[in-house]
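Asker: 3D model of this:
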Amino acid sequence: MTDLEGLDLIALDRHLREAGIPRTGELRAELISGGRSNLTFAVSDDASRWVLRRPPLHGLTPSAHDMAREYRVVAALAGTSVPVAPAVTMSNDDSVLGAPFQMVEYVPGRVIRTSRELAALGDRATIEACVDELIKVLAELHSVHPDSVGLGDFGKPNGYLERQVRRWGSQWDLVKRADDACDADVARLHAKLAEAVPPQSRTAIVHGDYRIDNTILHEEDPAKVVAVLDWELSTLGDPLSDAALMCVYRHPTFRLVNSDAAWACELIPAADELAHKYSLAAGQSLDHWDFYMALAYFKLAIIGAGIAYRAREGGGAEAADRLADALAPLIAAGLAELS
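Answerer: From the prediction side, this is the model:
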């Protein structure tokens, strides 16, 4: 067994055996590329393969890497119309790996991260069918009644939008630089959002970061999602917030964060068309859509600032600078929604 930073294979092997999880041969692991938040590892023995996620090694912020929540929602959604990886085990303390972690079965398929990988799926009709499937899966998630899968207490059913505005404003205070030139505009958008909070459209299980690269597509049929990934921000909330963030990722502003991101590629329909497709798939009107879009810009900006914060803490100055450059346009786009 050869350890990777953040993954003690001997301790993990002991945990798996104590948990009664069948084991065959020596554990092996590799760091899976992609994802700048939680660390994700592929772990295998001679008979099985799993995926393990744990918080990053540097720059942790409170409540941003809740392994127990992620594991609970994946386990709860098993057997529903929402495709998820089968849950295996978790630890909600640092007794095994020095940090909480959760582990699911490996699901084979394609994770589309770049515009090149998106184009390789096929012609425009194939990509459109893939987008329609992605939106259908999101709508199906929002149609799952929380009580029916044991998630009735997964979050507070009311006041989600107010909490989101407060939470991401508080996150900014934790990750901003002391001399950040955007501080005044962030505060202005935060205040505008707080003043414009509409009534919650309804309560549903929300993913919190839904886009193509947080899913696994079928290896041979890209119009089939075989698993939705990265549930660390999931909770009970307003489904329109999920839909709006999906649309904001398509906005050209996101190219400042990742110029080659699949969801920002022109092969994906524009934000307005994605919103319309979601409205039809979910059977839900887009009332107060300007607020939801502004909140999504605000959230994505603060997520980017948090990643930049962790990059600075870990010595990744280049990534931090690129993410910092995207902050002002994202905040400006949010302000424009509420102007």
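
Asker: show me where the stretch 1-150 of the chain has strands.
Answerer: For the stretch 1-150 of the chain, the strands defined by DSSP state E, counting those that start in this stretch occupy 28-31, 39-44, 49-54, 87-91, 101-105.

Asker: now the closest residue to residue 295 other than its chain neighbours: how far from residue 166?
Answerer: Leaving aside its chain neighbours, residue 295 sits nearest to residue 193 (5.9 Å; criterion: Cβ to Cβ, 6 or more residues apart in numbering). Bear in mind the C-beta positions are built from the backbone N, C-alpha and C, glycine included. Computed as Cβ to Cβ, to the nearest Å, the residue 193 to residue 166 distance reads 10 Å.

Asker: so for the two, which sits in the more crowded spot?
Answerer: More neighbours surround residue 193 than the other of residue 193 and residue 166, with 26 against 14 (other Cβ atoms under 10 Å).

Asker: distance of that one from residue 164?
Answerer: Residue 193 sits 9 Å away from residue 164, going by Cβ to Cβ.

Asker: quick check: neighbours shared by those two?
Answerer: residue 295 (Cβ atoms under 8 Å, 6 or more residues apart in numbering).

Asker: and stretch 189-200, what's buried?
Answerer: Buried residues in stretch 189-200, defined by neighbour count with 16 or more other Cβ atoms under 10 Å: 189, 190, 192, 193, 196, 197, 200.

Asker: OK, contacts around the most centrally placed residue in the chain?
Answerer: With distances taken as Cα atoms, centre = their mean, the residue of the chain nearest its centroid is residue 209 (3.2 Å). Applying Cβ under 8 Å, 6+ apart to residue 209 gives the contacts 230, 232, 233, 245, 303.

Asker: sec struct for it, please.
Answerer: Assigned by DSSP: H, G, I helix; E, B strand; the rest coil, the conformation of residue 209 is coil.

Asker: number the chain from 148, please
Answerer: Happy to do that; since the first residue is 148 now, the last one works out to residue 356.

Asker: would you mind measuring from it to residue 349?
Answerer: When distance is defined by Cβ to Cβ, residue 356 is 20 Å away from residue 349.

Asker: repeat that for residue 419.
Answerer: Distance of residue 419 to residue 349, given as Cβ to Cβ: 22 Å.

Asker: what's the answer for residue 273, then?
Answerer: The gap separating residue 273 from residue 349 is 33 Å, by Cβ to Cβ.

Asker: now residue 298
Answerer: Taking Cβ to Cβ, one finds residue 298 at 15 Å from residue 349.

Asker: please apply the same query to residue 241.
Answerer: Residue 241 is 38 Å from residue 349, by Cβ to Cβ.

Asker: so, low pLDDT: which residues of this structure?
Answerer: Scanning the chain for pLDDT under 70 picks out the ranges 148-150, 180-184, 205-212, 403-404, 461-469.

Asker: one step back: okay, residue 298 and residue 349: which has more neighbours?
Answerer: Shown here are residue 298 and residue 349; by other Cβ under 10 Å, residue 298 has more neighbours (19 against 13).
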